[in-house]
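Participant: Need coordinates for the following:
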Amino acid sequence: MFAKIIVAFLSLFLVACNDNDDAEQQDCSEAICTLNFVTVTVSVKDASGEPVSLDSYEVIDNEIGENLATDFNGNEYQYLKEQGFYPILSDANRIQYQNTTATLTFKGFRTNEEVINEDYEVGADCCHVNLISGNTEIVLE
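Facilitator: Got it, this is the predicted structure:
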């Protein structure tokens, strides 16, 4: 009889401790987020450490083939580009990448020639985008 009570108690304990994080992770309605606007950038410099101004660049989502760089061509990003910083993903894309990961390819061009081709793994949680892997400091020789 004592063994049955112990088994029943342990069964109840195991059911109560069942952690279902997947269901909670998908629901962002109760997430408390900061008001920071996160932008993942790549720094491009020459061998002497000077910022490199690219003629153009693309950020391709490899799964869907979409160029995300069109989102970063406004005046607010002009200063970054002059300093050799190029946005590859921002919180404006958060919902698109929420609770998932994606591979993006950054392609930089000078005089119509591709001089950079780098892959990045990115993702987003309920609040912000983030860089998972990839070289954020590129040096052009």
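
Participant: Tell me how far stretch 129-141 lies from the chain's centre.
Facilitator: 11 Å (C-alpha atoms, centre = their mean, to the nearest Å).

Participant: got the end-to-end distance for that stretch?
Facilitator: End-to-end distance for stretch 129-141: 30 Å, by C-alpha to C-alpha, to the nearest Å.

Participant: and if you look at stretch 27-44?
Facilitator: Terminal-residue distance, stretch 27-44 (C-alpha to C-alpha): 37 Å.

Participant: And the strands in this structure?
Facilitator: 39-46, 56-61, 85-90, 100-110, 113-124, 129-133, 137-140 (DSSP state E).

Participant: So in that sheet, which strands flank the fourth one, and in what orientation?
Facilitator: Taking DSSP bridges as the criterion, strand 100-110 pairs within the sheet with strand 56-61 (antiparallel), strand 113-124 (antiparallel).

Participant: Out of the ones you listed, which gets nearest to residue 43?
Facilitator: Among those, strand 113-124 comes nearest to residue 43, with 11.5 Å by C-beta to C-beta. Heads up, the C-betas are built off the backbone N, CA and C, glycines and all.

Participant: ok, residue 138 touching residue 46?
Facilitator: No - counting by C-beta atoms under 8 Å, residue 138 does not reach residue 46; the two are 10.2 Å apart.

Participant: ok, the two, which is more surrounded?
Facilitator: residue 138 (17 against 12; other C-beta atoms under 10 Å).

Participant: Tell me what that one is bridged to.
Facilitator: residue 44.

Participant: returning to what we had before: make a markdown table out of the strands of the chain and add distance to residue 67 and mean pLDDT.
Facilitator: As requested, the strands of the chain are exported to a markdown table (distance: least, C-beta to C-beta, whole Å; pLDDT from 0 to 100):
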| stretch | distance to residue 67 | mean pLDDT |
| --- | --- | --- |
| strand 39-46 | 15 | 94 |
| strand 56-61 | 5 | 94 |
| strand 85-90 | 11 | 93 |
| strand 100-110 | 9 | 95 |
| strand 113-124 | 14 | 96 |
| strand 129-133 | 17 | 96 |
| strand 137-140 | 19 | 95 |
